[in-house]
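Student: Structure for the following, please:
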Amino acid sequence: MKVGLQSCLSNKNIDAQINSSQRQLSLAISAVAEIPNQARLPLNLCLVLDHSGSMSNKPLEMVKSAAIAIVEKLKSEDRISIVTFDHRAKVIVPNQLVTDIESIKQRIRLMVADGGTSIDEGLRLGIKEVAASNQHYVSRIFLLTDGENEHGDNTRCLKLAKLAAEYNITIDALGFGEHWNQDILEQIADSAQGVLAYIEQPEQAASEFERLYTRAQSVGLTNSNLTVELMPKTRLAELKPVAQVAPETIELPIKLEGNYFTVRLGDLMVNRPRIILINFYVNQLPPGKHKIAAVQLRYDDPVTNQENLHSDIVTIELESQAQYQPQPNQMVQNPILTLAKYRQTQIAEAKLQNGDRTGAATMLQTAAKTALQLGDKEGATVLQTNATRLQIGKELSEGDRKKTRLVSKTILQSK
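Tutor: Residues are numbered from 1 along each chain as shown. Okay, the predicted model is just below:
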């Protein structure tokens, strides 16, 4: 495998007469197979499953069926572990190669619903199980819960998610039903470069597990980190300058050291690029072509057991013109709109929490229009419907709020 890295500037020309020009840089980063039909990487998967009392009857039965279906798809070279939690947590399947599927399935079937909810304890044991055999695998945790973390500590959850990222473990967070904390699950997934998924109805558990499993299978390279060198006349925007906009929208924290900054990206998928949008300013430059930044990826290749590999350096250039002629790149427009939709929805949520229903409805309408510009008709429908509900004096249900959060981060997939 090798890294695919494509760069596009929102406008590759600047006006030599202007003191400061704002530009956006879009980077599409993926794993690229060097031989046809290259074998997938083995998985090191841990299922961390809520079996609290609120999961009783159909919800837990659907989750058990979904978990069994995933186990049946695993190969003998894959590893599996399963942790269950209520107000305590327990390892019911220690980390092992998938050689005795029937025994694993039987332990899943024996799960019963009882007790409260302590997400952080389940997450702690899950990370411990995956980290025990983390070399040369795609390491993944599927964390599923239907409730608030009333017996746990949300701050600890976020610390554990960051720890997982340091161990090169991705956490996909699945919220089941309407009563889970969307802020905490989103932060867990974002911190560990995973997916926030919403299981609205019990019957959707299998399809959501399948979607995340398929995504894990598409990973070609792991532990990727983006490094960007900024030239002397270039500076980052002050507020949230770097974001991922595909496959999901995530505000990315950066480590800034002098004129370099680094961003952790985690796993890289084949044929499904991570698209990173960087917002920056260029100070006045004399007419001519100028190098404004350089970009490089560091990554691991589990197939060849090689770590700390480096991609070629990609140089970012623009032209300062005495007679300025704008040359906007439409390929950067969609990433800009995608990030705008996410931030507009965030503003709407904040206004609603502060009791400003009119302001929230207006921002949801704006986000709906942005979604339409992106061709995201289903997302636009969700956003506009919720805006209309607020305008006519109705409350948004927990399900409405969760679907709003989901469509803000990605293109909603039809069930």
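Student: Could you pick out the longest helix of this structure?
Tutor: Ranked by residue count, the top helix of the chain under DSSP state H comes out as helix 333-353.
Student: Work out the gap between that one and the centre of the chain.
Tutor: In this view, helix 333-353 has its centroid 16 Å away from the chain centroid, taken as C-alpha atoms, centre = their mean, to the nearest Å.
Student: If you count contacts, what does the helix or strand immediately after that helix in the chain end up packed against?
Tutor: Following helix 333-353 in sequence order, the next helix or strand is helix 357-373 (DSSP states H and E). When contacts are defined as 3 or more C-beta pairs under 8 Å, 6 or more residues apart in numbering; DSSP states H and E, helix 357-373 packs onto helix 333-353, helix 377-391, helix 398-409. C-beta coordinates here come from the backbone N, C-alpha and C atoms, glycine included.
Student: Using TSV, lay out the ones you listed together with mean pLDDT.
Tutor: Below are those laid out as TSV (pLDDT from 0 to 100):
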stretch	mean pLDDT
helix 333-353	97
helix 377-391	96
helix 398-409	94
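Student: Mean neighbour count and distance to residue 277 added to these, as JSON lines?
Tutor: Listed next are these as JSON lines, based on neighbours: other C-beta atoms under 10 Å; distance: least, C-beta to C-beta, whole Å:
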{"stretch": "helix 333-353", "mean neighbour count": "20", "distance to residue 277": "5"}
{"stretch": "helix 377-391", "mean neighbour count": "19", "distance to residue 277": "18"}
{"stretch": "helix 398-409", "mean neighbour count": "20", "distance to residue 277": "14"}
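Student: so where do the helices sit in the stretch 101-250 of the chain?
Tutor: Along the stretch 101-250 of the chain, counting by DSSP state H, counting those that start in this stretch, helices occupy 101-109, 119-131, 154-166, 182-191, 205-217.
Student: Throw those helices into a markdown table and include mean pLDDT, thanks.
Tutor: A markdown table is the format used below for these (pLDDT from 0 to 100):
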| stretch | mean pLDDT |
| --- | --- |
| helix 101-109 | 97 |
| helix 119-131 | 97 |
| helix 154-166 | 96 |
| helix 182-191 | 95 |
| helix 205-217 | 96 |
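Student: closest to residue 338 out of those helices?
Tutor: helix 182-191 (15.4 Å; C-beta to C-beta).
Student: Restrict the closest one to CA atoms and write it as CSV.
Tutor: Taking C-alpha atoms only, helix 182-191 is exported to CSV below (Å, rounded to 0.1, in the frame of the first residue of the first chain):
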residue,chain,number,x,y,z
GLN,A,182,-24.9,12.6,21.7
ASP,A,183,-22.3,15.1,22.8
ILE,A,184,-20.3,12.5,24.7
LEU,A,185,-20.5,9.8,22.1
GLU,A,186,-19.6,12.2,19.3
GLN,A,187,-16.6,13.4,21.3
ILE,A,188,-15.5,9.8,21.9
ALA,A,189,-15.8,8.9,18.2
ASP,A,190,-14.1,12.2,17.1
SER,A,191,-11.2,11.8,19.5
